[in-house]
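Student: sequence plus predicted model, see below.
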Amino acid sequence: MLRMFRIRRLLMLALVACAVVAIGLTTGVIRTKVGQAAGNDTMLMGTIKSASGEKMEGVTVSSRKDGKTYTTSVFTGADGEFYFPEMEQGNYKVWAQARGFDSVRAEVNLAGSIKRQDFVLKTATQDFTAQLPGDVWAGALSEDTPEDREMKTVFRMACVGCHSQLFALQNRFDEAGWEKIIDVMSRVGIYGPGSDTAKPNPMHQYYKKRLAAYLAKNRGPGPSPMKFKPRPRPTGDATLMVATDYDAPSQGFGLPLFNDGSDWSKGAPDKLDDAHHHVINATLDFDGNIWFTDQVANPYRTIGKVDTKTGEVTAFKVNRVSDGWAYDSHAIVTDKDGIIWFQTSNGLLGKVDPHTSQLETYSPPEGMDRVGIFLSPDRKNGKIWCISRTGALLFDPSTKQFTQFKNPTQSDPRLTTGTYGLTTDSDGNAWWSQFALDLEVKGIEQTGKTVEMRLPERTNELASSLFKGDDRKIFDNMNGSDYHGRGSPWVWTPRKPGGDPQGDAMWVPAWFGQALIKMDIHSGKSVVYPYPWQDGGGYEASVDKDHNVWICFEDGDYIAKFDPKTEKFTQYDMPSIGGELHGISAVTVNGRTEVAQAQYAVGTVARLQFRTKQELQSLKDKARQMAQAR
């Protein structure tokens with residue numbers, strides 16, 4: 001099956017390559033017009049009730065105009081009402097979804113000043129578990145015995161990270177089937193299956209039989225002990241988000257998605273769909289347009305720009321010298337002047353001016369590390385920090401010079417998994433994680449030195465009771481495998497930190513520790529804030545102009561805002577399922593915080609905007625006036 005998908009992908013890419021005309025020798029710009037300018041001349045609103053007549057809060061309502069390449073989603077308030085931002089006239093598909101209920105759909109023609117579309121949601125009569133996000137699936141796994149708890153922990157580590165728990169658990173297999181899957185997965189890396197001769201992951205091999213038995217017990221052909229507890233629908237401020245998901249289509253493909261995550265009943269996308277384009281990180285420019293990276297090499301695009309008014313996609317390409325294909329990319333950020341910076345898979349640092357579309361690339365000198373897969377702009381001094389294999393690089397745009405910073409404690413120099421994430425603080429210094437070691441490393445610009453800041457010791461039953469003897473030693477025997485450097489289940493495992501550009505805090509999402517950790521950038525003192533939710537996979541933190549911390553949760557299909565003043569989290573549901581949220585970027589656009597969120601598994605990029613209660617009330621008042629004037 002995998003071989004068939006590879007052949008299909010290669011054939012399609014070959015057809016695309018024939019159609020692509022490169023502009024320039026090493027870089028080029030290709031434009032793909034996929035939408036027209038939208039007007040603002042009509043409104044869509046309605047009420048959602050249950051079959052028993054109760055008004056339903058927190059229902060996701062989505063709309064997509066015929067011929068457009070973006071979907072806008074809003075949420076019902078406590079009164080059960082939803083209000084879309086003003087829209088252009090035309091024909092729309094509109095649908096409403098709530099977990100545990102059958103979705104409802106309608107074809108709506110917006111021809112006048114205002115249109116009302118009410119829905120009634122009926123309780124799902126069939127199995128609704130495909131609607132549930134990965135964190136709910138993981139939480140439902142049995143943990144009645146010490147063996148169950150240990151295997152649930154092993155599952156969290158061995159079977160999550162490159163995809164969500166929903167993807168891993170949505171199908172049933174007997175014990176022999178699970179053993180075969182684990183055997184294959186022991187040789188699978190982030191970018192797909194390796195060769196049959198690849199060294200298997202020791203953790204998968206060691207736990208294979210016990211883990212297969214546990215998974216067959218929970219997701220086998222017989223009765224399952226899993227107990228699903230769907231999380232509550234959004235309430236209060238969490239219903240004020242407006243999410244616009246933009247397709248990021250491959251030029252020349254034009255294929256419909258088998259599963260784009262918009263229909264929850266279909267479960268998790270498979271990422272083998274040729275139309276899924278592995279957009280892994282995104283940012284916003286100061287005009288509110290989205291810039292994103294393509295993580296898989298292709299003939300046409302290194303990074304892309306979405307015009308958020310029209311949906312038009314512009315492709316920017318850095319050519320591979322060997323064959324003219326585009327280098328793929330992972331990191332993309334916006335600096336203090338609104339310039340877009342990105343990196344390429346061959347270790348270049350790229351720059352695009354959004355107003356001129358001029359693209360430039362810079363290469364570290366020979367003998368220095370290449371530019372790695374994480375970047376962070378220094379908003380104090382205007383420089384760009386880049387992760388590298390052994391630490392970080394600092395690029396000065398005024399001199400075009402790179403400076404290298406080395407980790408005090410080196411992980412395996414062949415691999416980068418132990419050096420992960422990157423951010424800058426208000427002093428212009430950089431911070432990055434060594435997540436296998438529970439360390440944050442600080443790169444000090446003025447001295448050229450690096451210092452280690454150790455996270456507080458994590459105490460839990462994993463270290464004291466579940467993992468003993470060989471069960472504990474196996475995590476020290478991961479060298480050479482694709483999971484080397486991921487750490488152990490009993491450590492925090494810091495992922496992509498976020499620095500406050502105007503404060504004295506640096507924020508670290510702890511992957512296994514399931515918490516947000518605040519570190520003082522001067523003293524290194526830490527405060528731990530446990531998440532109100534489990535198994536979401538807190539991945540990256542981004543701090544806005546008001547010191548709020550935004551975190552994306554890869555496996556839960558939600559983002560969260562942490563307010564340091566109140567020490568409270570607000571959870572915002574994404575409108576798609578199985579999106580696998582790897583990177584988040586909070587950017588000030590026209591004086592307000594907006595969030596860019598790439599959805600890796602469904603090939604879309606989202607612009608997330610947040611209405612105030614007063615703005616929503618004004619929209620309601622306007623809708624009533626328009627209805628009375630009809």
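Tutor: Ah, there it is.
Student: spell out the secondary structure type for residue 597.
Tutor: What DSSP: H, G, I helix; E, B strand; the rest coil gives for residue 597 is strand.
Student: contacting residues around it?
Tutor: Listed by C-beta atoms under 8 Å, 6 or more residues apart in numbering, the contact partners of residue 597 are 282, 552, 559, 574, 581, 583-585, 605-606, 608. Yep, even glycine has a C-beta here, placed from its N, CA and C like the rest.
Student: pick out the lowest-pLDDT one from the residues you listed.
Tutor: In terms of pLDDT, residue 583 ranks lowest among those, with 89.
Student: correct me if wrong: it contacts residue 282.
Tutor: Yes. Judged on C-beta atoms under 8 Å, residue 583 makes contact with residue 282 at a distance of 6.9 Å.
Student: so what sits against both of those two?
Tutor: 597-598.
Student: quick one: low-confidence ranges for the stretch 251-400 of the chain?
Tutor: 251-258, 271-277 (pLDDT under 70).
Student: how about the strands in it?
Tutor: 279-284, 290-294, 303-306, 313-318, 332-334, 340-343, 349-352, 359-362, 375-377, 384-387, 391-396 (DSSP state E, counting those that start in this stretch).
Student: nearest to residue 498, out of those strands?
Tutor: Each of the strands of the stretch 251-400 of the chain has some distance to residue 498 by C-beta to C-beta; the shortest is strand 375-377, at 9.1 Å.
Student: mind showing which ranges of the stretch 101-250 of the chain have poor pLDDT?
Tutor: In the stretch 101-250 of the chain (pLDDT under 70), the answer is 189-197, 250.
Student: can we see that at 80?
Tutor: Under the criterion pLDDT under 80, the flagged ranges of the stretch 101-250 of the chain are 161-163, 188-199, 249-250.
Student: ok, which stretches of it are helices?
Tutor: Along the stretch 101-250 of the chain, counting by DSSP state H, counting those that start in this stretch, helices occupy 134-140, 146-158, 165-169, 175-185, 202-219.
Student: elements contacting the shortest one?
Tutor: Here helix 165-169 touches helix 134-140, helix 202-219, going by 3 or more C-beta pairs under 8 Å, 6 or more residues apart in numbering; DSSP states H and E.
Student: got it, and the second one?
Tutor: Under the contact criterion of 3+ C-beta pairs under 8 Å, 6+ apart, helix 146-158 touches helix 134-140, helix 202-219.
Student: now the angle from that helix to helix 175-185?
Tutor: Angle, helix 146-158 to helix 175-185, by axes from the mean of the first three to the mean of the last three C-alpha atoms, to 10 degrees: 30 degrees.
Student: other residues contacting helix 146-158?
Tutor: Contacts to helix 146-158, defined as C-beta under 8 Å, 6+ apart, come from residues 138, 141-143, 165, 168, 182, 185, 201, 203-204, 207, 210-211, 214-215, 461-462, 465-467, 471, 483, 486, 489, 512, 535.
Student: redo that, cut-off 6 Å
Tutor: Helix 146-158 has contacts (C-beta atoms under 6 Å, 6 or more residues apart in numbering) with 141-143, 203-204, 207, 211, 214, 466, 489.
Student: how about CSV for the residues you listed, with neighbour count and distance to residue 151 added?
Tutor: Output for the contacts of helix 146-158, formatted as CSV (neighbours: other C-beta atoms under 10 Å; distance: C-beta to C-beta, whole Å):
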residue, neighbour count, distance to residue 151
141, 24, 8
142, 17, 9
143, 16, 9
203, 20, 12
204, 23, 13
207, 21, 8
211, 23, 6
214, 23, 4
466, 20, 10
489, 21, 11
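Student: out of the residues you listed, who's nearest residue 299?
Tutor: For the contacts of helix 146-158, the nearest to residue 299 is residue 204 (34.4 Å; C-beta to C-beta).
Student: one step back: export the helices of the stretch 101-250 of the chain as CSV, with columns for distance to residue 84.
Tutor: Converted to CSV, the helices of the stretch 101-250 of the chain look like this (distance: least, C-beta to C-beta, whole Å):
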stretch, distance to residue 84
helix 134-140, 28
helix 146-158, 38
helix 165-169, 28
helix 175-185, 42
helix 202-219, 39
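Student: between these, which one is nearest to residue 544?
Tutor: helix 134-140 (24.3 Å).
Student: what packs against the closest one?
Tutor: helix 165-169 (3 or more C-beta pairs under 6 Å, 6 or more residues apart in numbering; DSSP states H and E).
Student: mind running it again at 8 Å?
Tutor: Helix 134-140 packs on helix 146-158, helix 165-169, going by 3+ C-beta pairs under 8 Å, 6+ apart.
Student: picking that back up, quick check, nearest of the contacts of residue 597 to residue 341?
Tutor: For the contacts of residue 597, the nearest to residue 341 is residue 585 (12.0 Å; C-beta to C-beta).
Student: so what's that closest one bridging to?
Tutor: As for beta bridges, residue 585 partners with residue 596 under DSSP bridges.
Student: next, count neighbours for it.
Tutor: 23 (other C-beta atoms under 10 Å).
Student: read off the pLDDT value for the closest residue to residue 233 other than its chain neighbours.
Tutor: Leaving aside its chain neighbours, residue 233 sits nearest to residue 58 (2.9 Å; criterion: C-beta to C-beta, 6 or more residues apart in numbering). The per-residue pLDDT reported for residue 58 equals 98.
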